[in-house]
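Student: give me the fold of what follows.
(6 chains, ligands or ions: 3)
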Amino acid sequence: MQITLVQGLLMLLVGFICSIDQQTEAFYWFRPMVASFFTGIVLGDVQLGVQCGAVAELAYLGMTNVGGTVPPDPLFAGIMTVVLAYTTGQTPEAALGLSYPFALLAQALGILFKTLYSFVPHKLDAYAAEGNVKSFNGLIVAVTVLQSLVFGVVIFLCVYALQAPIQAFVNAFPTWVTHGFEIAGGVLPAVGLAMLLLTTLKPETYPYLFIGFIVECVLANIVTSDGTAVFANVLPVAVLGTALAAINYAYEKKIDETAAKISSVSNGGDSDGI
Amino acid sequence: MQITLVQGLLMLLVGFICSIDQQTEAFYWFRPMVASFFTGIVLGDVQLGVQCGAVAELAYLGMTNVGGTVPPDPLFAGIMTVVLAYTTGQTPEAALGLSYPFALLAQALGILFKTLYSFVPHKLDAYAAEGNVKSFNGLIVAVTVLQSLVFGVVIFLCVYALQAPIQAFVNAFPTWVTHGFEIAGGVLPAVGLAMLLLTTLKPETYPYLFIGFIVECVLANIVTSDGTAVFANVLPVAVLGTALAAINYAYEKKIDETAAKISSVSNGGDSDGI
Amino acid sequence: MQITLVQGLLMLLVGFICSIDQQTEAFYWFRPMVASFFTGIVLGDVQLGVQCGAVAELAYLGMTNVGGTVPPDPLFAGIMTVVLAYTTGQTPEAALGLSYPFALLAQALGILFKTLYSFVPHKLDAYAAEGNVKSFNGLIVAVTVLQSLVFGVVIFLCVYALQAPIQAFVNAFPTWVTHGFEIAGGVLPAVGLAMLLLTTLKPETYPYLFIGFIVECVLANIVTSDGTAVFANVLPVAVLGTALAAINYAYEKKIDETAAKISSVSNGGDSDGI
Amino acid sequence: MASNDENDEVTPTAANGEKLGKLTSQDITKLGLLSIFEQIAFSFERMQAPGFTSNMLPAFKKIYGDSDEDLKEFMTYNMEFMNTEPHMATLLQGVVLSMEEKHEDRELIKGVRNGLFGPLAGLGDSIFWFTILPITAAISCSLAQSGSILGPIIFIAVYLVVGLSRIFFAHLGYGIGNKALTSIGENTKYLTKAAGILGTTVIGALIPSYVTVAFADTLVFGVDGSSTVQSVFNQIMPNILPLAVVFAIYALFKKKHANVMYIILGIILISILMSFLGWM
Amino acid sequence: MASNDENDEVTPTAANGEKLGKLTSQDITKLGLLSIFEQIAFSFERMQAPGFTSNMLPAFKKIYGDSDEDLKEFMTYNMEFMNTEPHMATLLQGVVLSMEEKHEDRELIKGVRNGLFGPLAGLGDSIFWFTILPITAAISCSLAQSGSILGPIIFIAVYLVVGLSRIFFAHLGYGIGNKALTSIGENTKYLTKAAGILGTTVIGALIPSYVTVAFADTLVFGVDGSSTVQSVFNQIMPNILPLAVVFAIYALFKKKHANVMYIILGIILISILMSFLGWM
Amino acid sequence: MASNDENDEVTPTAANGEKLGKLTSQDITKLGLLSIFEQIAFSFERMQAPGFTSNMLPAFKKIYGDSDEDLKEFMTYNMEFMNTEPHMATLLQGVVLSMEEKHEDRELIKGVRNGLFGPLAGLGDSIFWFTILPITAAISCSLAQSGSILGPIIFIAVYLVVGLSRIFFAHLGYGIGNKALTSIGENTKYLTKAAGILGTTVIGALIPSYVTVAFADTLVFGVDGSSTVQSVFNQIMPNILPLAVVFAIYALFKKKHANVMYIILGIILISILMSFLGWM
Ligand SMILES: OC[C@H]1O[C@H](O)[C@@H](O)[C@@H](O)[C@@H]1O
Ligand SMILES: OC[C@H]1O[C@H](O)[C@@H](O)[C@@H](O)[C@@H]1O
Ligand SMILES: OC[C@H]1O[C@H](O)[C@@H](O)[C@@H](O)[C@@H]1O
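Tutor: Ligands and ions are numbered 1, 2, ... in the order given. Predicted coordinates:
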């Protein structure tokens, strides 16, 4: 399918808005689940947008900016997965794999901005020393808008200007390559999960990983007589996890509080003795 | 179906016996599971009695007299659900809803007796001061029998004397009303469970509610190839709950005992120091 | 089926090797899972060997030599279950029951050796007093080889020499007797499990027995649409059990460490006070 | 049975061979049986005091013979307010009689009686009302729903055992005597909590099993009406509606102190409305 | 809303009736809304300092009026390095303003600001990045996979609430003031651990749900080619391959400090190889 | 391997580069391999003493050269009674040799040897007999039941690793030396308990998997013979009969100290009776 100029410009707008959200982490519209949805609306194939959003969201689940880092970009991944599926007719899984270079491009762009913008705080220091609120606010708004404008334009270029070469490129793939991308689409969520584990996995949380795993293995295999899964998502495990976390919370606290009580009593006893 | 005079009189007897049991809480024959069963036997439709007993038992599960309170009456509910299903041909679920006014009537009666009987202990105080065992025992037996006799007679009236007007009344219902009663029959157990939660739900038991809920959601959906449930009841969850309670018991005790040991040691140390 | 002389002699070899392994507990080739497999290879019916190994392994799971005791012999049980199924055409379950006298025979033999060999350490004491390493090692190797040779020969006799009378004996059984042996084959694993419980069941592990039981009841009943079990073995429960053990480990340690910390602090306080 | 009784009168030792003072093991068993009637003549004024007092009289007379003075004192202090869980009441009766037999100070006995019934009520209610009843009911109902009489039969059988367990509790209380009263208090705490955990787990399990709240299959939405409303709830989590309803009612009780009568009426009315609208 | 605002200006008390100093409840709500932009002008140099400072200026001016000296000091110390989880940043802004209003020593305020953002980042990341995101994503994806727009709609709705929860965190922080700062530290520890348990449980559940690694049904072995390779893995444990892959990648990150870019490229290349060989 | 050996003889340092005294890393590896025969010449008199002593001789000679006196002493005290779990024995051998190498007092070494084998037996048995065996057996049996040779192959492979893990235990023991002996005791306690929990969980799971007790489908009851006896048990709880049988046998062992021989015979006889009656 072709993308029209109007659609391309609308995508510039979507890109701009979602990029502002990405800078602020305000409402998580920069996540593929939302960005793909908006892209689907613009391209007139909402269902495709939603499906691509699901595929990309899972793969980029662990791509967080925790600690101020910049991961392969979920916003570009979300948008380009839909665009590539739309223009080349690939499955969402294959399109996800193909979108990867764009996610890297945007990652580089993000790092660039956050490095270049190191001049900003020095300027702001000066305004602060003067108590110049107006200039202070003016500058931070300006650089924010500028960054998102650049992102919007780059999205426009990727979406609209590059479509012909991309289509030609992808159409030249033999089926085993595109099937390879599909396989990769199924494996990629493992990257996100492994990244999440990097921060959440500790000696004391290890057991819970396996509890969650085993329970979901069970849930996922409970089907009605017509073969549909009874438990469509991980919410039941989340409920269970909340229960387990609460039980742990109670024990940890009880142990520490009992200890604190004794310590204070025995300290009291000591001071009496002196 | 019609209820004969003999059946009505037999129900007076059933009512009397179950009411004695209700006053003493001896063998729980006042619960719908048993009362409905006996009613079914008297009416000659045991299966209906048993089914109505199941429906009513669940709805009145939380209707306990904990603390000496008087809830809507499970005994009347158990008996009248069967009677109404039998005489009007409604489903057990609908009959349960229709039986509700009778449960309220008996509740009022129960409160009345327990209030009126406040004169009894004063009499008994007097006998106690005299050491008059015979009169003491005589009075408490007499008032007990009297209360149950009244309950038996009221049951006779509800079952036998009122059947014609009730039938006429119920037959006038459009189907959406009776279907409404059926829906209510499915929801009513929620009331009993919520009442149970009022006493059992505490910060430390909260997590277990959700564990029980999730596990039973799983169990309830495990079916054999011919669609029958493998786990027919909550016994497996009860076994699991026992295990969890035992684990908690062990921790709580270990923490407190460790604390007690230290306290006594450190106190000992203090007294040495002085 | 007949067992040839060559097969009989090969079984002598298998018996010798597995018996060495049984004395050393080196690689667990004395367990039915392996011994039956080797027997199946020798008899030319590998599949039968493997199936009999599964049946016998489960029944002898709890037959350990913990503490130096000698249980009914798993090695003979493993070998003879295959041999009996092969020569008499019974099912593995029935053959397991029939193999029982042979397991008792080998148990007696084992006890005999471990009793008779009590002379060995006295000899070894003497060599030790002389610092005579060569004789020391020579003797312990000799008695080990001797014991296994005897086991090998007994196996040869049971397998080859006795086959005609056994066949005649078993063929005389009415079907209800052999079906009885089959039933026993299904019950016998209970003996092994009960024996395992003798050492593992303690007040603090009790709850986990039931957790394992309930969870496996669930797992065992989760089937795909074509009726095959999704979870083919207890590995998922073992993973879960590991998680639960780790959680317990963390709590036990936290409680004791917190206690130790307080004790040392309060002792410190005391010594300051003196 | 009767001859066995006689037999024991001659050798007044407990089953475990220990001397029991004036009371025999049979006397305590009888106490347990009488205690089945512990709750008769219940009134809001003194609640279980009449039955509590009455049940102990035969054994008390055996200890104090014809001493009218003691009898009067005994009856009088036991007629004070009493409300506990009936099985725990039996245990307490055992304790009281054991202390009477050892001629403990009556003020002390009264203190024990009045101080323990509260905590014991908590424990007993957790076990008998909030754990045994739901489990037994759930098992029987699962059998009874299809009309099988095994349902009520199992229920009756379980409660026969539960009812007669009073004999056990009488012996337990008598055995404890005034020895380990502090440890009763301690253990009551742990056992109540453990029973609470078990009970709550079971209640959690009863929600999906026995509460039915589901929209009609004919209630659809979307432009083409392709999805049923119920399917959306199922996709979020099965049985989420029953769970929500239970919590809603719980909140009405807890926060608004709603009367159960109005709640039941409300449910019936809303159900009829749902039926009228064809939503359920 | 506006009239309501006016109203409150007249009676500057919090919702709970307590006097709030110069700042009204509305001022704190505004702080929460402004804090949505806390992370703008983010650079590696000072990270969130610009937004953190800017958001607080309206409220600060209300406290200190035209005092230029205080404004300069305030802007300057807040421009120091700042990086925390954005919702926790809002809480911290509340704390800072509350302390400013009480005219606490600025060195102390600065110490609190700089000492708390680290632990709060840990807590906030556990809750928002590692728990809420995976759960919300998983629920939406389950709906979205079949193309239902309920997926993104639920996602957007959840994050609308999450985003606006900044208002709550502003009030929370302002309420805490400098009162219970030590207890913040303590509770942060427990809450972080509890959130970690929940998050890890959910991640464990996501592995079988969303990672797909399976050999092709045509990949068989054995003399007669009767067993598929995949069936052997299934027989050992379902989803054992996804679990293994996640741990393998985890190990690459943890032990070899691998770059995510190369890992993704590697997966794509291996996948294409598997496709070429017909193994998957 | 051999050349590698030579190589190491020249530079006697451990893999981690630390100097190991007179013994090289290779010597300890050899100890682990020899220890595979730790249990030969087992008799009720001294149990594992002969093998325990014999395995250590090559390494001991390397430490003490031709000192006949030391050799005699060493062989003599090691010939005292010894019975522990074989893998733990290897660990203990490592400890003993490390202490010999440091020329610790032989009375102390003997004390450590004799004091530790008991607790280590408890730990080893929990791990090797009660946890690894049931799990490995269960997994292999699940594959083997249908006749797949993957069953025994996995079993053999697992136990090859387990058997050779003695090399690891030899190094572990040698590394611990006499340093942290008290902490061995402590950790043994926790690990034994954890292994006990895991083992018991697995045994619980094995009951429904591998014990089969069910009444025949032809065994019915009720007037019309409509319900099978088995269906009633199933309705109460699936696998309740296997659970009951395991507990019954457990009770016979525990309470009556029954002999396993009679129990097996009893089961066979009752099974034949059930078959005869057509009940099963
Ligand atoms: O709550 C204590 C107690 O109160 C009432 O007296 C009775 O209805 C008992 O069933 C209950 O156990
Ligand atoms: O880790 C703290 C913090 O780091 C960055 O500043 C942001 O991307 C936040 O999302 C994150 O919470
Ligand atoms: O119980 C300790 C120990 O006893 C015996 O010596 C052996 O059979 C070992 O398998 C066992 O571990």
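Student: and for residue A:31, nearest residue in space, chain neighbours not counted?
Tutor: residue A:74 (5.8 Å; C-beta to C-beta, 6 or more residues apart in numbering or on different chains). From N, CA and C alone the C-beta is placed, and that goes for glycine too.
Student: wait, residue A:91
Tutor: Counting by C-beta to C-beta, 6+ apart, the residue nearest residue A:91 is residue A:182, at 5.9 Å.
Student: tell me, how many residues neighbour that neighbour?
Tutor: Residue A:182 has 21 neighbours, counted by other C-beta atoms under 10 Å in any protein chain shown.
Student: is it correct that it is in contact with residue A:94?
Tutor: Yes - counting by C-beta atoms under 8 Å, residue A:182 touches residue A:94, with 4.9 Å between them.
Student: that older thread, so which strand or helix has the residue nearest to residue A:91?
Tutor: Taking DSSP states H and E as the criterion, residue A:182 maps to helix A:175-187.
Student: state the distance from the residue lying closest to residue A:122 once chain neighbours are set aside to residue E:35.
Tutor: Closest residue to residue A:122 apart from its sequence neighbours, by C-beta to C-beta, 6+ apart: residue E:45 at 7.9 Å. Using C-beta to C-beta, to the nearest Å, we find residue E:45 at a distance of 21 Å from residue E:35.
Student: buried residues of the strand or helix carrying residue A:190, list them for me.
Tutor: According to DSSP H and E, residue A:190 maps onto helix A:189-200. For helix A:189-200, the neighbour count (16 or more other C-beta atoms under 10 Å in any protein chain shown) marks A:189, A:190, A:191, A:192, A:193, A:194, A:195, A:196, A:197, A:199, A:200 as buried.
Student: residues contacting the closest residue to chain F within chain D?
Tutor: Of all residues in chain D, residue D:143 sits closest to chain F, at 6.0 Å by C-beta to the nearest C-beta. Going by C-beta atoms under 8 Å, 6 or more residues apart in numbering or on different chains, residue D:143 touches B:232, B:233, D:150, D:151, D:154, F:235.
Student: tell me how many other residues surround the fifth one.
Tutor: Other residues near residue D:154 number 21, with proximity taken as other C-beta under 10 Å.
Student: that one contacts residue D:138, doesn't it?
Tutor: No - Residue D:154 lies out of contact with residue D:138 (C-beta under 8 Å); the separation is 11.1 Å.
Student: ok and the helix or strand harbouring residue D:202 relative to helix B:175-187, angle-wise?
Tutor: Using DSSP H and E, residue D:202 sits within helix D:181-210. When axes from the mean of the first three to the mean of the last three C-alpha atoms, to 10 degrees is applied, the directions of helix D:181-210 and helix B:175-187 differ by 150 degrees.
Student: please enumerate the strands of the stretch 101-250 of chain D.
Tutor: For the stretch 101-250 of chain D, strands defined by DSSP state E, counting those that start in this stretch occupy the ranges D:220-221, D:227-228.
Student: does the first one reach chain E?
Tutor: This means strand D:220-221. No - figure legend: strand D:220-221 not in contact with chain E (C-beta under 8 Å from any C-beta of the partner chain); closest approach 10.1 Å.
Student: now do that strand, average pLDDT.
Tutor: When pLDDT is averaged over strand D:220-221, the result is 83.
Student: mind listing residues that contact it?
Tutor: D:226, D:227, D:228, D:229.
Student: ok, the residue of chain A found nearest ligand 3 - how many residues close by?
Tutor: The nearest approach of chain A to ligand 3 comes at residue A:207, 27.7 Å away (C-beta to the nearest ligand atom). Residues lying near residue A:207 (other C-beta under 10 Å) number 25.
Student: the helix or strand hosting residue A:264 vs helix C:235-273, what angle?
Tutor: Element membership for residue A:264, per DSSP H and E: helix A:235-273. Orientation of helix A:235-273 against helix C:235-273 (the same axes, to 10 degrees) gives an angle of 20 degrees.
Student: helices and strands around helix A:235-273, which ones?
Tutor: Identification of packing neighbours for helix A:235-273 by 3 or more C-beta pairs under 8 Å, 6 or more residues apart in numbering or on different chains; DSSP states H and E yields helix A:206-220, helix B:206-220, helix B:235-273, helix C:235-273, helix E:133-144, helix E:181-210.
Student: ok, 7 Å please
Tutor: helix A:206-220, helix B:206-220, helix B:235-273, helix C:235-273, helix E:181-210 (3 or more C-beta pairs under 7 Å, 6 or more residues apart in numbering or on different chains; DSSP states H and E).
Student: list the buried residues for the fourth one?
Tutor: Same thing as helix C:235-273. C:235-252, C:254-255, C:258-259, C:262-263, C:265-266, C:269-270, C:273.
Student: hang on, the earlier thing: what about the helix holding residue D:202 and chain A, any contact?
Tutor: No - on the criterion C-beta under 7 Å from any C-beta of the partner chain, helix D:181-210 is out of touch with chain A, staying 9.5 Å away.
Student: at contact distance from chain B, anything in that helix?
Tutor: Yes - for helix D:181-210, a contact with chain B is found by C-beta under 7 Å from any C-beta, at D:190, D:193-194, D:196-210.
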